[in-house]
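Colleague: Quick one, fold the following:
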Amino acid sequence: MSIFTKLENFYYEAKGNKWFRYFTVFCRVGLALGFIPSGIVKIMGERFTALPANHPLGHYFDALYQTGYYYTFIGIGQIITALLLLIPRTALLGAIIYFPTILNICILAYATRFEGTRITTLMLLANLYLLCWDYDRIKYILPFKQSNTEIYATKKKTLSNKFPFLFFGGVFVTVVLVIVINIFIFEIRPGNSLIECKNGCLGSKYPDASRKFCDCIYNQGKSLDKCLEVYKQAKELEKNGSLNTTTSK
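Modeller: Residues are numbered from 1 along each chain as shown. Now for the predicted structure:
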């Protein structure tokens, strides 16, 4: 039996398990709730976040806010996508529309070192799960050899109550890994405000360099790349200064 066949068998078993169905509903509702508030804010013509304009992501949101009815259009799109997710018959369409949007948001969060990288990553993974959940409906457009769908037709008649410990253990491990990796993936982040950025300097190995980074972002309003270069140069000076002090002693 090939790996692909084993995965399909696991998939059809999962479709007949009530715990997987509960998790699917949880993902749909969670993703919908992630879009509804932000969509309403955009439709009402209000700013999406309180990020200062000099923040790397604040630059983007400020420009987006200035686009007028395009900003409103995005909000309407988010509300429609959320509603599609909440309706069982249109949940797949909602998941398909949701995917490119959340993928873009996730990449944007990482590119700007936004603090929301953890939640956007988990939202992206939840969206991928929903797409996998409806594999039996979208597999016909995938470049794979089609299997006999009668297997699922026979299995879906009985609903299994067996709790999938292995799967939910994997979900728990994935959540922990996302959180931990995001703690260490970036040496420095701009935070969500000047105060938050400066507070991060207190526990930094290079506090002076970190403060210069914060000043570069929030007071000078320079781009993230330029401020990272300032941080890198200041860090080297601070590191060399520490080494010289240690050597002189």
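
Colleague: Next, name the residue at the spatial heart of the chain.
Modeller: residue 120 (1.6 Å; Cα atoms, centre = their mean).

Colleague: For that one, give me its contacts.
Modeller: Residues in contact with residue 120 (Cβ atoms under 8 Å, 6 or more residues apart in numbering) are 102, 105, 106, 109. In this view, the C-beta of every residue, glycine as well, is placed from N, C-alpha and C.

Colleague: Out of the residues you listed, which end up buried?
Modeller: Among the contacts of residue 120, those buried by neighbour count (16 or more other Cβ atoms under 10 Å) are 102, 105, 106, 109.

Colleague: can you pull out the helices in this structure?
Modeller: 3-15, 18-43, 56-65, 69-86, 91-111, 117-133, 135-138, 150-155, 165-184, 194-201, 207-214, 224-248 (DSSP state H).

Colleague: Buried deepest among those helices, which one?
Modeller: Highest mean neighbour count among the helices of the chain (mean count of other Cβ atoms under 10 Å): helix 207-214, with a mean of 20.

Colleague: Could you check the angle that helix makes with helix 194-201?
Modeller: 160 degrees (axes from the mean of the first three to the mean of the last three Cα atoms, to 10 degrees).

Colleague: List the contacts of helix 207-214.
Modeller: By Cβ under 8 Å, 6+ apart, helix 207-214 touches 188, 190-191, 194, 197-198, 200-201, 204, 227-228, 230-231, 234-235, 237-238.

Colleague: do that again at 7 Å, thanks
Modeller: 188, 194, 197-198, 200-201, 204, 227, 230-231, 234-235, 238 (Cβ atoms under 7 Å, 6 or more residues apart in numbering).

Colleague: All set, thanks.
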